[in-house]
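Colleague: Predicted coordinates and the sequence they were generated for:
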Amino acid sequence: MSKPLVAITGASSGIGAETARAFASAGHPVLMMAQRLERMKAMRLPDSMCRKVDVRDRNQIRGAVDDAERKYGPVDMMFANAGIARLADLGRQPPEEWDEMIDINTKGVMNTVHAVLHGMMERQCGTLVMMSSIAGRKVYPDHAVYCGTKFFVHAVSESIREFLSDYNVRVLVVSPGVIETEVLSGVLDQKTLEAYKKNKAAMGGGIGADIVGKLILDAYQLPQKALVQEICLTPTRQRY
Ligand code: NDP
């Protein structure tokens, strides 16, 4: 029997790309969404649909989901993963960086959830995977707004986990520490970037994004009545 459709935002690199690979290897059709279409197509995953989507535009996400569902059936897992980390302390950060982070990391996550929420409620089945961070559990002085966006994801996830429990829909929060991806390309403040790299080197580097993808797949493959509420995964040597 064919496996259900899964959908992933931010599937063009890093954790989203590795999660797409993990689910495709397990036989799922995958809807991949991000702005860099060619990067997703180049992965050549079987049964995949790649869509150029900016998560700030809820019509684009809705349109991509509609197209994929017409071909593969309902989305059974949505990974609201797309995000950027414009890390800087508030004394140095230009407000445009807050706008961008808040729009992508909070409103973008809500747009992503909204595209599949009512279908999952009607079917009384489905899994929402919400990308937070270790920075959604604790604060860092030079990550103020990034932490704010990830605390937002934590709060919304906990609220909708309780709400959706009556509908048999699972909500899993992913809170990684330092993972080797392209995320640092979003850090424009050199002082913060240098401090981050120094801390990362002191812990012996980050861990592979494939480990995150595999853990999400493992959690998803549990019976629908079993929910891993949070995956908090860091390098062993990451102290804070
Ligand atoms: P990457 O930079 O490799 O991936 C980010 C992904 O988000 C890309 O696919 C990018 O695609 C996509 N994206 C960014 N903006 C938009 C947008 N407006 N619309 C659609 N897609 C968008 O980094 P990661 O894999 O590390 O990041 C994934 C998530 O993991 C983020 O939410 C990040 O905050 C979180 N995270 C990462 C950690 C780490 O150490 N790496 C730790 C904790 C959390 P494109 O540019 O093609 O649109």
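Modeller: Okay, I see it.
Colleague: Spatially central residue in this protein, please.
Modeller: Nearest to the geometric centre of the chain sits N81, at 1.5 Å (C-alpha atoms, centre = their mean).
Colleague: Could you tell me which residues make contact with that residue?
Modeller: The contact partners of N81, taken as C-beta atoms under 8 Å, 6 or more residues apart in numbering, are I8, T9, G10, A11, I15, G16, T19, V129, M131, V174. Bear in mind the C-beta positions are built from the backbone N, C-alpha and C, glycine included.
Colleague: okay, among those residues, which ones form the most distant pair?
Modeller: Within the contacts of N81, A11 and V174 form the most distant pair, 14.6 Å apart (C-beta to C-beta).
Colleague: the more surrounded of those two?
Modeller: A11 (31 against 26; other C-beta atoms under 10 Å).
Colleague: tell me which parts of the chain are close to the ligand?
Modeller: Selection of the chain residues close to the ligand by C-beta under 6 Å from any ligand atom yields 9-16, 34-36, 53-56, 81-85, 104, 131, 133, 176, 178-179, 181-183, 206, 209.
Colleague: are any of these buried, and which?
Modeller: With burial judged by 16 or more other C-beta atoms under 10 Å, the buried subset of the residues of the chain next to the ligand is 9-16, 34, 53-55, 81-85, 104, 131, 133, 176, 178-179, 181, 183, 206, 209.
Colleague: Point out the ones among those that are inside helices.
Modeller: G14, I15, G16, A209 (DSSP state H).
Colleague: ok, so of those, who is nearest S157?
Modeller: Closest to S157, out of all of these and judged by C-beta to C-beta, is I15, at 16.4 Å.
Colleague: Test my guess that that closest one contacts E180.
Modeller: No - contact between I15 and E180 fails when scored by C-beta atoms under 8 Å: they sit 9.9 Å apart.
Colleague: and for these two, which residues touch both?
Modeller: A209.
Colleague: can you pull out the helices in this structure?
Modeller: 14-25, 37-42, 58-72, 95-102, 108-123, 144-165, 190-202, 209-220.
Colleague: Noted, bye for now.
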